[in-house]
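Trainee: Provided below are the primary sequence and the corresponding predicted coordinates.
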Amino acid sequence: MIISLASCAEDEVLPKVTHGRLERLTPIKSEYVSDRTVDVWLPDQYDGNTALPVLYMHDGQMLFDASITWNNQSWEVDSIVQTLIDRNEIEPLIVVGIHNVSSERHSNYFPQEPFERLSQSVQDSLLQLYRNSETPLFSKPINSNNYLSYLTQELIPAIDATYATKQEASGRVLAGSSMGGLISWYATTKYPETFGGAACLSTHWPGVFSNDHNPVPAAFIEYLSENAPSADTHKLYFDHGTATLDSLYPIHQKRVDRLLALSGYDSINYLSRVFEGENHTERAWSKRLHLPLTFFFGKSEQR
């Protein structure tokens, strides 16, 4: 299936990029999830003939243009990636930005199988949580398995049919922050033959907004310990700050680091970093995006 480019509606603004070019795709009519916008960023080096690796990024509306995001921040992906390419520090790559559906974000990104291991009473209590006084945290039942089916069975085949892409697992990496970090590592456990790695920034191990009496992190970590993709064929990147929401993460990330070391991960295929004083924002993630980029896509002499 080849997908076509979308024209923006009158009330819709295409993100502006200062490097490379951005194409917006006509939403795929999915059998699995609500329709969502997808943006594809192509580097200056893209010629349509040479197959390039692809970085699939969640929360796609936050990646390129701070002037149109809800908090006036973005990852500045186009600038960072193109600069690294031009410096010959990483190989050219394509970035696919998959927009979230805001009301369904938690339902789409919360790893489903660990959730289903929780007791029914815990599941019920989680699904009744509110983000604020008016907004449920989960507007729908958790359906991250469906979201991953959308990625692997609908979106990726369409991207591969439309662009010159490397189509082996080593040529596909997932990246996301917070809940996007959770769904990124979870995807590698469900589809290790599709994704060769995951960059998980400020991974939201609590799943909700507190560590107190919270069984969710243990469920995530137990599942990961049993289902981690092979260290022989995969690479994983994790990081976090220590301020605001990121202050909840160190205790859990240390456990993850230990268990993955026992699973065979080492400095060649695993990187875990702590950024003292950094908070839970796109501005913070942008400052360190170069680290996972060079980890996954660095030229051999740079690795």
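Mentor: Received, thanks. Numbers count the residues shown, from 1 in each chain.

Trainee: OK, contacts around the closest residue to A175 other than its chain neighbours?
Mentor: Nearest residue to A175, sequence neighbours excluded (Cβ to Cβ, 6 or more residues apart in numbering): A199, at 3.9 Å. To be clear about C-beta, it is placed using only N, CA and C from the backbone, and glycine gets the same treatment. Shown in contact with A199 (Cβ atoms under 8 Å, 6 or more residues apart in numbering): 173-176, 184, 237, 292, 295-296.

Trainee: repeat that for 7 Å
Mentor: The neighbours of A199, taking Cβ atoms under 7 Å, 6 or more residues apart in numbering as the test, are 173, 175, 184, 237, 292, 296.

Trainee: List the ones among those residues that fall in strands.
Mentor: Among the contacts of A199, the members falling in strands (DSSP state E) are 173, 175, 237.

Trainee: doesn't M57 make contact with the second one?
Mentor: Yes. Contact status for A175 versus M57: in contact at 4.8 Å, counting by Cβ atoms under 7 Å.

Trainee: Could you report the pLDDT at T162?
Mentor: Listed pLDDT for T162 reads 96.

Trainee: Distance check, it against K140.
Mentor: Going from T162 to K140 by Cβ to Cβ, to the nearest Å gives 29 Å.

Trainee: now swap in S119 and tell me
Mentor: Taken as Cβ to Cβ, the span from S119 to K140 is 21 Å.

Trainee: These two: who's more crowded?
Mentor: Taking other Cβ atoms under 10 Å, S119 and K140 do not tie; K140 has more neighbours (16 against 9).

Trainee: Provide a list of residues in contact with the more buried one.
Mentor: K140 neighbours (Cβ under 7 Å, 6+ apart): 104, 107.

Trainee: wait, is it part of a strand?
Mentor: No. Counting by DSSP: H, G, I helix; E, B strand; the rest coil, K140 falls outside a strand, being coil.

Trainee: which sections of the stretch 201-303 of the chain are below the confidence cut-off?
Mentor: Where the stretch 201-303 of the chain drops to pLDDT under 70, the residues are 300-303.

Trainee: What helix or strand is R24 located in?
Mentor: Here R24, judged by DSSP states H and E, is contained in strand 21-25.

Trainee: for D78, same thing?
Mentor: If you go by DSSP H and E, D78 is part of helix 77-86.

Trainee: Pull out the buried residues from that helix.
Mentor: By neighbour count on 16 or more other Cβ atoms under 10 Å, the buried set for helix 77-86 is 77-82, 84-85.

Trainee: okay, it in PDB with CA atoms only?
Mentor: Extracted C-alpha coordinates of helix 77-86, given in PDB (Å, rounded to 0.1, in the frame of the first residue of the first chain):
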ATOM      1  CA  VAL A  77      14.300  17.100  15.500                       C
ATOM      2  CA  ASP A  78      15.000  18.400  12.000                       C
ATOM      3  CA  SER A  79      17.800  20.700  13.200                       C
ATOM      4  CA  ILE A  80      19.400  18.100  15.400                       C
ATOM      5  CA  VAL A  81      19.300  15.200  13.000                       C
ATOM      6  CA  GLN A  82      20.400  17.200   9.900                       C
ATOM      7  CA  THR A  83      23.300  18.800  11.900                       C
ATOM      8  CA  LEU A  84      24.600  15.400  13.000                       C
ATOM      9  CA  ILE A  85      24.300  14.100   9.400                       C
ATOM     10  CA  ASP A  86      26.200  17.000   8.000                       C
END
